[in-house]
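Student: Build me a model from this:
(one chain, ligands or ions: 2)
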Amino acid sequence: MKTALTIAGSDSSGGAGIQADIKTMMANGVYAMSAITALTAQNTTGVTAIQNVTAEFLGQELDCIFTDIFPDAVKIGMVSESDRIHMIAGKLRQYRAKNIVVDPVMVATSGARLISEEAVDVLKEELFPLADLLTPNIPETEVLTGRKIKSADDMIEAAKQISEQYHCAVLCKGGHKLNDANDLLYVNGTYQWFEGKRIDNPNTHGTGCTLSSAITSNLAKGFSMVESVNRAKDYISGALAAMLDLGKGSGPMDHGFAIKNSYTEEA
Ligand SMILES: Nc1ncnc2c1ncn2[C@@H]1O[C@H](COP(=O)(O)OP(=O)(O)O)[C@@H](O)[C@H]1O
Ligand SMILES: Cc1ncc(COP(=O)(O)OP(=O)(O)O)c(N)n1
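Tutor: Ligands and ions are numbered 1, 2, ... in the order given. Purely as a prediction, here's the structure:
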């Protein structure tokens, strides 16, 4: 069985973070492991508290994983502080981790800031150069490039800029645009759109975590970058279209729809 690791924060309501990642990896047919960076007290209406694990403990989690069940792919989500990012980068280099997907989580849809301002620079300097794929949403793309994204052409230019700067593939996610849900992959000097019909579902908590974990699962299973994104886009659309409705705010998605179907196939 192929294996995947998520390095991310816990979401007590189970819609985003580690919990969304593990549900997604399982539904996509890979064995899921986790290194938790922080605990969040969170539900569908917002985040009320964050408790970071120490950098030392995070390092110990990663040592335990990499010296035993080596992951076929790694996803990194919420990491709030510079010393934890530094620790992750060191361990990924030490163990020569492969198929690294970095979701540069900055602000939750509910508005809570999930990374300190100074840590964004450390993320860029230390983690981005190790990534095979970065998956910023539109606001994150604006922060990373210093450009306003108002059109499809802006997305292409911004993804190209990030890809050339960090020598990796970039998926600029279109969930925050008003009219469509089209994502743009910039890879090996060229771009490709992954079109998604916007689903009229207010429950989008954890869409970014879910998409990046589905891509990570597909990379672990041996699919190419393009095919991994293609299959992940299909998966997120299915999870949103299942129309689960839980909680008082922006609720989680339904991962159950995918069990027993083709998502578990390997390349
Ligand atoms: N209402 C929606 N209908 C269909 N796809 C959506 C919808 N909202 C988000 N998505 C998709 O979910 C994925 C995550 O995108 P996005 O919401 O932009 O990320 P994030 O959760 O990091 O802000 C993308 O593939 C995006 O196109
Ligand atoms: C613990 C934790 N990690 C990440 C997020 C952000 O999730 P994401 O899927 O990027 O977006 P929203 O859920 O905010 O739409 C989070 N909320 N918690």
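Student: Residue of the stretch 1-150 of the chain closest to ligand 1, please.
Tutor: The nearest approach of the stretch 1-150 of the chain to ligand 1 comes at residue 137, 3.6 Å away (Cβ to the nearest ligand atom). (C-beta placed from N, C-alpha, C; glycine too.)
Student: Backbone dihedrals for that residue, please?
Tutor: With angles defined as degrees, to the nearest 10, residue 137 sits at phi -80, psi -180.
Student: Then the one 5 residues further on?
Tutor: Dihedral angles phi and psi of residue 142 (degrees, to the nearest 10) take the values phi -70, psi -40.
Student: For residue 76, give me its contacts.
Tutor: With contact taken as Cβ atoms under 8 Å, 6 or more residues apart in numbering, residue 76 is in contact with 6-8, 88, 100-103, 127.
Student: which residues of the chain fall in strands?
Tutor: 3-11, 31-43, 46-52, 73-76, 100-102, 133-134, 169-172, 183-187, 190-194 (DSSP state E).
Student: Residues in contact with the fifth one: which ones?
Tutor: If I follow you right, that is strand 100-102. With contacts defined as Cβ under 8 Å, 6+ apart, strand 100-102 is touched by 73-76, 92, 123, 127-128, 130-135, 212, 215-216, 219.
Student: and residue 120, how far is that from residue 193?
Tutor: Using Cβ to Cβ, to the nearest Å, residue 120 is found at 27 Å from residue 193.
Student: Those two: who's more crowded?
Tutor: residue 120 (17 against 14; other Cβ atoms under 10 Å).
Student: what's the neighbour count on residue 68?
Tutor: For residue 68, the neighbour count with other Cβ under 10 Å is 8.
Student: Return the per-residue confidence for the nearest residue to residue 27 once chain neighbours are set aside.
Tutor: Excluding the flanking residues, the one nearest residue 27 by Cβ to Cβ, 6 or more residues apart in numbering is residue 258, at 4.2 Å. Turning to residue 258, the model gives it a pLDDT of 75.
Student: What of residue 111?
Tutor: For residue 111, pLDDT reads 82.
Student: what number of residues lie near the closest residue to it other than its chain neighbours?
Tutor: Sequence neighbours aside, residue 46 is the residue nearest to residue 111 in space, at 7.0 Å (criterion: Cβ to Cβ, 6+ apart). Per other Cβ under 10 Å, the neighbour tally for residue 46 reads 15.
Student: which residues pair with residue 46 across the strands?
Tutor: residue 43 (DSSP bridges).
Student: which residues sit in contact with it?
Tutor: Neighbouring residues of residue 46 by Cβ under 8 Å, 6+ apart: 108, 110-112, 249.
Student: ditto for residue 194
Tutor: Counting by Cβ under 8 Å, 6+ apart, residue 194 touches 182-185, 229-230, 233.
Student: What residues does the chain have near ligand 2?
Tutor: For the chain, the contact set with ligand 2 under Cβ under 6 Å from any ligand atom comprises 8-9, 11, 16-17, 40, 42, 77-78, 105, 108-109, 114, 204-209.
Student: wait, doesn't residue 13 sit right on residue 45?
Tutor: No. At 9.1 Å, residue 13 does not count as touching residue 45 under the criterion of Cβ atoms under 8 Å.
Student: Out of these two, name the residue with the larger neighbour count.
Tutor: It is residue 13, of residue 13 and residue 45, that has more neighbours when counted by other Cβ under 10 Å, with 23 against 14.
Student: Could you check the pLDDT of that one?
Tutor: Residue 13 is given a pLDDT of 97.
Student: Check the gap between the residue nearest to residue 94 when sequence neighbours are not counted and ligand 2 for me.
Tutor: Distances taken as Cβ to Cβ, 6+ apart place residue 66 nearest to residue 94, at 7.8 Å, with adjacent residues excluded. From residue 66 over to ligand 2 the distance is 22 Å, taken as Cβ to the nearest ligand atom, to the nearest Å.
Student: and the two most separated of the contacts of residue 46?
Tutor: Spatial extent of the contacts of residue 46 (Cβ to Cβ) is set by the pair 112 and 249 at 11.9 Å.
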